[in-house]
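> Predicted model follows, preceded by the sequence.
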Amino acid sequence: MDARKTSTAKFAILLIFVIFASDMCKKSAARGPIVTFWCQTNDACEHRFPNHGYKCINHLCQPPKISHNDLQFIST
């Protein structure tokens, strides 16, 4: 009987770990933009984000695409 309690306790701890881990993964997943800025023209985006190159795409201000050459890597 003692072995059965130990096995059940291990299973319960494992189950709790899986539940917490899956909940943490769900909470850390990207859920899209935090703030959306509606627009009609590129001028509206330029007014909100001057000198950043935002464009009005599908009525939302979108940042410019970052190319691989624009990225700066820090080597340690």
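Great, that's in hand.

> Apart from its chain neighbours, what residue comes closest to R48?
In space, not counting the residues next to it along the chain, R48 is nearest to F37; the distance is 5.7 Å by CB to CB, 6 or more residues apart in numbering. Every C-beta, even on glycine, is put in place using the N, C-alpha and C of the backbone.

> confidence score at that neighbour?
The score at F37 is 84. That number is its pLDDT.

> Then N58?
Listed pLDDT for N58 reads 90.

> Can you give the domain ranges for this protein?
1-31, 32-65 (automatic domain parsing).

> So in the chain, which helix runs the longest?
Across the chain, the longest stretch assigned as helix under DSSP state H is helix 2-28.

> pLDDT averaged over that helix - what is it?
The average of the pLDDT scores along helix 2-28 is 77.

> right, and the helix or strand after it?
The helix or strand immediately downstream of helix 2-28 is helix 42-48, counting by DSSP states H and E.
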